[in-house]
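Novice: With the sequence up front, the predicted model follows.
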Amino acid sequence: MPEKPEDKDPIKNASVSPDEAYVFWNSDPDTQGDALKASAGALEEYTGINKAVAGRRYFNDFSNLDGNTGGRPGLTRTDYDYFRPDEAVPKQVKRIIKKAEDVYQKVGLVKNVIDLMGDFAVQGIKIVHKNKRIERFYRNWFKKVAGKDRSERFLNNLYKTGNVVINKQTGKISTKVNNNLYKAIGVADLKVDSLSDMKVERKEIPWRYTFIDPVCVEVSAGSLSSFVHDRLYELSLPASIRKTINSPKNDNEKNIVANLPPAIVEAAKGRKPYPLDPDKTIVYHYKKDDWQTWAYPMIYAIMDDITVIEKLKLADIAALDGAISNIRIFKLGSLEHKIAPTKAATAKLAQILGNNVGGGTMDLVWGPDIELVESKTNVHNFLGEGKYTPHLNSIYAGLGIPPTLTGTYGAAGTTNNFISLKTLTQRLQYGRDLLTAFWEQEILAVQKAMGFRFAASIEFDRMDLSNEDAEKALLIQLADRNLISDELLQSKFGFDPDMEKNRLNRENKDRKTKRMVNKSGPFHDPQFENALKKLSLQLGIVSPSQVGLDLPEKLPSETTPLDLKAKTPSTKLANDSKESLPGVPGEGRPKLSKDSKKRKEKTFKPQTGAKIAIWAAQAQDEISEILNPIMLSFYSKKNLRSLSKAEHKELDKLKTQILFSVSPESNVSEDLVRTALAQINNKQNTDMYRKFNDWLKDVRHQVGKELTSESLKYIKSSFYSLVYEHVYPQKVR
């Protein structure tokens with residue numbers, strides 16, 4: 001409250017002064033002059049009245065420094081808010097956050113915009129992984145923790161209060177639940193750990209996320225915490241919660257209090273803040289500077305405009321009460337003509353007006369000494385939407401909503417609209433980035449708890465308010481012309497290039513193994529069987545009934561084009577050579593005639609590589625029988641199934657090199673295998689194995705599918721025969 005003035009004398013007597021308030025004069029000039037002289041004495045009392053100095057202290061009032069010279073301070077926002085504390089914008093950050101929460105709950109415009117921003121930014125959120133089985137696990141976990149709802153609440157609190165405080169609770173899952181999470185539908189069977197348990201064990205994953213009101217959370221050490229990396233937070237329990245903990249009223253409250261951590265109960269009894277577990281507390285801020293303890297809400301910048309909007313609404317409500325007010329005054333008599341009404345005339349007029357209270361025109365018969373004065377109000381001119389427009393534009397601009405999307409005044413101007421749209425999209429993207437950082441941290445915790453090799457990723461639907469169709473069409477054309485990479489195209493569409501690469505490879509593998517239908521295109525005919533039937537009918541290879549056509553019998557009078565072609569004799573052109581013309585019967589070799597001289601006998605040369613290939617196939621089996629026990633003993637494994645993929649590959653390489661180092665038709669024995677193992681790394685063997693791998697790549701490319709172990713066996717035999725066919729020709733024959 002302002003201090004009372006010390007140098008001002010209080011009003012000692014507020015009674016009516018005995019002096020006359022007015023002077024009168026008549027037509028006599030002497031009385032008129034005396035009256036004007038008496039009135040001139042009031043001239044020095046004519047002055048401006050100084051209004052209240054509002055919240056400023058009286059010793060700051062420098063009025064009347066030198067006679068008529070004054071130095072009064074101007075009206076500031078502090079002066080205005082001094083007498084209107086309910087309209088004043090708070091100064092402390094916690095009160096600002098509380099005020100922002102109240103504005104969100106009470107003002108429909110702000111609530112609608114923030115809800116829209118949260119829903120739009122979280123649209124299409126999902127978890128993806130390279131492995132489909134692990135992806136199902138992540139998606140079922142995301143569904144169990146209500147990931148989509150938690151994401152929307154995250155962004156809503158971020159845009160609403162500027163600060164997000166999350167308490168995380170973990171759960172130790174059993175083997176049954178672990179298996180169910182890998183399926184399409186998982187059933188929770190969990191035991192949630194207490195908040196004070198900081199140890200994270202295997203298969204202990206986040207299971208519940210609870211948002212805490214930042215008004216009730218304090219930063220330990222206040223601004224001093226800006227100098228440390230990890231901040232500690234404390235929960236200030238409200239008085240109502242402390243009262244419930246200290247004095248529970250019924251059995252339900254007693255059971256809840258009994259299940260609370262002892263630290264919370266102790267904090268409630270001692271009226272001390274409850275320290276939050278740093279491992280289970282996650283805090284995010286909206287554009288907070290390092291020296292700030294808490295971030296200021298986005299609504300803080302528009303609180304003055306919201307106050308004006310609310311006052312304008314109240315003014316409209318008050319103006320509506322008097323919008324149709326109308327006063328009519330009936331004046332009887334005339335002071336100018338010294339005519340005064342009597343009581344009878346006044347009563348008669350009141351009776352006439354009282355008997356005609358309905359609407360419409362009223363005919364009144366009266367003498368010449370009556371006058372009607374009608375008074376109307378202009379308050380309806382105050383009602384209208386024009387006074388709201390500047391403040392609504394300020395609110396939309398403060399929230400980042402451009403005039404283009406609101407349809408309000410000033411929506412013209414392509415450049416301004418583009419900048420406003422970019423402002424909105426960047427504000428939404430900022431929220432998405434914080435949300436992505438939060439979920440990536442939680443996904444990493446799940447990965448470590450479950451022992452996954454790769455972590456999952458977060459994907460959203462693409463957020464674009466521009467001409468999306470034209471932009472996408474241009475990007476596709478640039479990719480078709482090899483002006484941009486497929487990776488850039490996928491990233492522009494909002495997809496993870498690494499994830500799409502794994503998906504494409506998996507689909508191509510399924511198509512090669514006939515587990516997935518091939519795509520229709522220039523290299524694949526989806527109706528290949530029908531095309532073969534059509535071609536066979538055209539060439540006359542099959543009959544119509546063989547391809548499923550049931551045709552009626554041909555009439556005797558009908559002739560097909562093929563019959564006409566067969567009946568038409570072949571024509572001989574004049575310029576044809578004799579060799580190209582058909583021969584005349586009898587010009588060839590006579591029937592049953594014998595050769596005049598003996599023909600040269602044809603010598604049969606068998607394929608020398610066939611015998612080598614057969615021996616190589618048998619030699620591979622003999623080498624495997626000898627080498628497998630040796631390598632299993634070396635790897636300390638019981639059987640071949642226990643070998644890893646790399647060990648299988650190394651074993652197959654040794655078998656192949658031993659085969660290529662052995663001469664054709666050699667006696668494969670254990671001594672021969674051990675001798676070959678000792679010389680396995682010489683230059684000849686390594687060159688031979690390298691050439692075989694190059695040849696194998698060409699074969700795989702020509703075959704166009706994955707090769708089985710049996711096919712690899714025959715391929716090795718064929719390569720062995722090609723190599724040794726000319727080296728030992730006489731021996732193999």
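Specialist: It's in.
Novice: Which strand in this structure has the most residues?
Specialist: Criterion DSSP state E: the longest strand present in the chain is strand 163-173.
Novice: Ile614 and Ala88: what is the separation?
Specialist: Using Cβ to Cβ, to the nearest Å, Ile614 is found at 100 Å from Ala88. (Each C-beta comes from the backbone N, C-alpha and C, glycine too.)
Novice: who's more crowded, those two?
Specialist: For Ile614 versus Ala88, the count of surrounding residues by other Cβ atoms under 10 Å is larger for Ala88: 17 against 12.
Novice: Test for you: state the pLDDT assigned to Glu101.
Specialist: Listed pLDDT for Glu101 reads 91.
Novice: and it, how many residues sit next to it?
Specialist: So Glu101, with other Cβ under 10 Å, has 18 neighbours.
Novice: Quick check: it touching Gly162?
Specialist: No: counting by Cβ atoms under 8 Å, Glu101 sits too far from Gly162 to count as a contact (10.8 Å).
Novice: before we move on, which element is the closest residue to Met117 other than its chain neighbours in?
Specialist: Of all residues not flanking Met117 in the chain, Tyr159 sits nearest, at 5.4 Å (Cβ to Cβ, 6 or more residues apart in numbering). Using DSSP states H and E, Tyr159 maps to helix 147-161.
Novice: Tell me what angle that helix forms with strand 163-173.
Specialist: Counting by axes from the mean of the first three to the mean of the last three Cα atoms, to 10 degrees, helix 147-161 points 160 degrees away from the direction of strand 163-173.
Novice: And the helices in the stretch 501-650 of the chain, which stretches?
Specialist: Per DSSP state H, counting those that start in this stretch, the stretch 501-650 of the chain carries helices over the ranges 528-539, 561-567, 608-635, 645-661.
Novice: Just tell me which of those ends up closest to Ala295.
Specialist: Closest of these to Ala295 is helix 645-661, at 50.8 Å (criterion: Cβ to Cβ).
Novice: Next, find the distance separating Leu421 from Leu428.
Specialist: Remark: distance between Leu421 and Leu428 (Cβ to Cβ) = 11 Å.
Novice: before we move on, what about Asn252?
Specialist: 42 Å.
Novice: Strands of the stretch 251-400 of the chain, residue ranges please.
Specialist: Secondary structure of the stretch 251-400 of the chain by DSSP state E, counting those that start in this stretch: the strands cover 274-275, 281-285, 326-332, 370-376.
Novice: Would you single out the least confident of those strands?
Specialist: Lowest mean pLDDT within those: strand 370-376, a mean of 71.
Novice: just to revisit the earlier point, the longest strand of the chain pairs with which strands, and in what direction?
Specialist: Partners of strand 163-173 in the sheet, by DSSP bridges, are strand 190-192 (antiparallel), strand 204-212 (antiparallel), strand 281-285 (antiparallel).
Novice: who's more crowded, Leu421 and Leu428?
Specialist: Leu428 (21 against 18).
Novice: Secondary structure class of that one, three-state.
Specialist: Reduced to three states with DSSP: H, G, I helix; E, B strand; the rest coil, the structure at Leu428 is helix.
Novice: That one reaches Asp119, doesn't it?
Specialist: No: under the criterion of Cβ under 8 Å, Leu428 makes no contact with Asp119, lying 10.5 Å away.
Novice: hang on, Asn685 packs against Leu659?
Specialist: No: here Asn685 does not reach Leu659: they are 10.3 Å apart, not a contact under Cβ under 8 Å.
Novice: Double-check that Glu487 belongs to a helix.
Specialist: Yes: assessed with three-state DSSP, Glu487 lies in a helix.
Novice: Thought Pro497 was touching it, still the case?
Specialist: Yes: with contact defined as Cβ under 8 Å, Glu487 counts as touching Pro497 (4.1 Å).
Novice: Now do the contacts for the closest residue in space to Glu234 that isn't next to it in sequence.
Specialist: Once flanking residues are discounted, Glu234 sits nearest to Pro273: 3.6 Å by Cβ to Cβ, 6+ apart. Residues in contact with Pro273, defined by Cβ atoms under 8 Å, 6 or more residues apart in numbering, are 218, 234-237, 267.
Novice: Met298: neighbour count?
Specialist: There are 23 residues near Met298, going by other Cβ under 10 Å.
Novice: Please report the distance of it from Ile114.
Specialist: In this view, Met298 and Ile114 are 8 Å apart by Cβ to Cβ.
Novice: if I look at Val93, how far off is His285?
Specialist: To His285, Val93 is 11 Å away according to Cβ to Cβ.
Novice: hmm, I was thinking of Ile370
Specialist: Counting by Cβ to Cβ, the gap from Ile370 to His285 is 76 Å.
Novice: out of those two, which sits in the busier spot?
Specialist: Set Ile370 next to His285 and count neighbours by other Cβ under 10 Å: His285 wins out with 19 against 15.
Novice: Give me the three-state assignment for Ile127.
Specialist: At Ile127 the chain is in strand, as set by three-state DSSP.
Novice: Check Glu218 too.
Specialist: strand.
Novice: Need the nearest residue in space to it, chain neighbours excluded.
Specialist: Nearest to Glu218 is Glu234, by Cβ to Cβ, 6+ apart, at 4.9 Å.
Novice: and the host helix or strand of the one you found, what does it pack onto?
Specialist: Per DSSP H and E, Glu234 falls inside strand 233-235. Applying 3 or more Cβ pairs under 8 Å, 6 or more residues apart in numbering; DSSP states H and E, one finds that strand 233-235 makes contact with strand 217-219, strand 274-275.
Novice: what's the weakest-modelled helix or strand in the protein?
Specialist: Least confident element among the helices and strands of the chain, by mean pLDDT, DSSP states H and E: strand 190-192 (a mean of 39).
Novice: got the domain boundaries for the protein?
Specialist: The record's domain parsing of the chain by automatic domain parsing lists 1-88, 474-518, 608-732.
Novice: What is the burial count for Asn530?
Specialist: Number of residues near Asn530 (other Cβ under 10 Å) recorded here: 11.
Novice: In contact with it: list those residues for me.
Specialist: Applying Cβ under 8 Å, 6+ apart, we find Asn530 in contact with no residue.
Novice: unless I'm mixing things up, Asp496 is touching Ser457, no?
Specialist: Yes: checked against Cβ under 8 Å, the pair Asp496 and Ser457 is within contact range at 5.4 Å.
Novice: who touches both of those two?
Specialist: Common neighbours of Asp496 and Ser457 (Cβ under 8 Å, 6+ apart) are Val128.
Novice: Helices of the stretch 251-400 of the chain, start to end?
Specialist: Taking DSSP H, counting those that start in this stretch, the helices of the stretch 251-400 of the chain run over residues 251-259, 262-270, 303-321, 343-354, 389-399.
Novice: Just say which of these is most tucked in.
Specialist: Of all the helices of the stretch 251-400 of the chain, helix 389-399 has the most neighbours on average by mean count of other Cβ atoms under 10 Å, namely a mean of 18.
Novice: Could you list every helix and strand in contact with that helix?
Specialist: If contacts are counted by 3+ Cβ pairs under 8 Å, 6+ apart, helix 389-399 sits against helix 108-121, helix 303-321, helix 403-406.
Novice: mind listing what the residue nearest to Phe495 when sequence neighbours are not counted touches?
Specialist: Leaving aside its sequence neighbours, Phe495 sits nearest to Glu459 (Cβ to Cβ, 6+ apart; 7.1 Å). By Cβ under 8 Å, 6+ apart, the residues touching Glu459 are 124-128, 494-496, 499.
Novice: what about Asp86, helix or strand, and which?
Specialist: Using DSSP H and E, Asp86 is not contained in any helix or strand.
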